[in-house]
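Provided below are the primary sequence and the corresponding predicted coordinates.
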Amino acid sequence: MKQRHQSRFIHGQMALNVSWNVARRRAQGERFLRMVGAADVAAARALWKDPTTEVHRRCLAARANGLLGKHGPSWLAEGVEDDNSPLGRARRHGTRDAERRPKAESREREKEAAAEKMHQLDAGSITEVLAILQDTSAPSERRIAAAAILGALRCRDAVHPLIEALAEGESNLSWACTRALLDIRSRRGARRLMQIVRGKSPLSARQEAIYTLWQLDELRAEPLFLHICAAVDREEEYTRDMATEALGNTALRPRTQRALAERLFDPSPSIRYAALCACSRMNRNYGPCEFPGFLRRALEAKLDDPDRVDDNRIIAELAAELLGPRCCPA
């Protein structure tokens, strides 16, 4: 059984600035180097740190460091006490550039890899890649590769074809489509995903749809997750597990809080642990000891829960962590 969701991570962060042009920014940084007369980034860094250098040259050196250097301009440089001074603004912009560049370069590499995969599939356009994905007679490996390409290229037009391929329920293909949908980060297919969960699609398709809705932070799926996590005798445990933890997206809503309090007493230790994980999303907002009274009492009851999912997921330990070092009176 897959255990992807146990890492408790939020998938697929978007690039800070999708319009960042790596080649253009690199050329800009090289132009700044020429303007200050620096042979390389190390020389520009030395200029930035030198308090005797003219202000305009130091500013250009800071920007060159941000656009080309590994760490951006040093914040320990002399003579930069005022953040709103020309030097302070140049340092701020240089730091911002240094933070944005790695993600933009990673995005560029993803596009290059996707182009190479398109060549391997003998696909000359996105339209041809979509056709491969939608061809149910094509080998699974080709369709999985097509899904990966569409995700890497953030192709929003591929959202609905990806969802339909996911709905087929072929395990590896469904997972590839889920990854692609999370790369694209579009909620335009959320209603169709919820239909898949509610309907009679294969179990793997329903689970991938739940996971996708969860990781996309789709708040409209709250009633669906509430229904699934409470279906003790009708839903498979792993399906309920994901739906329960997905309620963390709406953990500040009273209806969700009531449901989580109930799931803390679920027959399954896995579901109880998932409910605690969902509660942790609330804890980040409230702080220790500020849970609603009924939920705090349920959490306190879990301090004596002897069960665990495995050696790293112990119910009583997580409950104690959520409640903090002190407990408020009921």
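That came through, no problem.

Could you find the closest non-adjacent residue to residue 188?
Spatial nearest neighbour of residue 188, excluding adjacent residues (Cβ to Cβ, 6 or more residues apart in numbering): residue 159 at 5.4 Å. For glycine as for every other residue, the C-beta is placed from the backbone atoms N, C-alpha and C.

What's the mean pLDDT across the one helix or strand that neighbour maps to?
Using DSSP states H and E, the element containing residue 159 is helix 159-167. Summarised as a single mean, pLDDT over helix 159-167 is 97.

after it, next one along is what?
Immediately after helix 159-167, counting by DSSP H and E, sits helix 171-184.

angle of that following helix against helix 159-167?
150 degrees (axes from the mean of the first three to the mean of the last three Cα atoms, to 10 degrees).

Name the residues of helix 171-184 that come out as buried.
173-184 (16 or more other Cβ atoms under 10 Å).

Show me the shaky parts of this structure.
By pLDDT under 70, the weakly predicted segments of the chain are 1-19, 283-289, 325-330.

domains in it, as residue ranges please.
Domains of the chain are assigned by automatic domain parsing as 22-105, 121-216, 218-330.

who's in contact with the helix or strand hosting residue 27?
Secondary structure assignment for residue 27, by DSSP H and E: helix 22-36. For helix 22-36, contacts defined as Cβ atoms under 8 Å, 6 or more residues apart in numbering pick out 39-41, 43-44, 47, 57, 60-61, 63-64, 66-68, 97, 101, 104-105, 108.

how about 10 Å then?
Helix 22-36 is contacted by residues 21, 38-41, 43-44, 47-48, 53-54, 56-69, 94, 97, 100-101, 104-109, 111 when judged by Cβ atoms under 10 Å, 6 or more residues apart in numbering.

give me every residue that touches residue 131.
123, 125, 138, 146, 161 are the contacts of residue 131 under Cβ under 10 Å, 6+ apart.

can you rerun that using 8 Å?
Residues in contact with residue 131 (Cβ under 8 Å, 6+ apart): none are found.

three-state assignment of it?
The three-state label given to residue 131 by DSSP: H, G, I helix; E, B strand; the rest coil is helix.

do you know how far it is from residue 300?
57 Å (Cβ to Cβ, to the nearest Å).

Take the domains of the chain and lay them out in JSON lines including distance to residue 115.
Compiled in JSON lines, the domains of the chain are given as follows (distance: least, Cβ to Cβ, whole Å):
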{"stretch": "domain 22-105", "distance to residue 115": "15"}
{"stretch": "domain 121-216", "distance to residue 115": "9"}
{"stretch": "domain 218-330", "distance to residue 115": "31"}
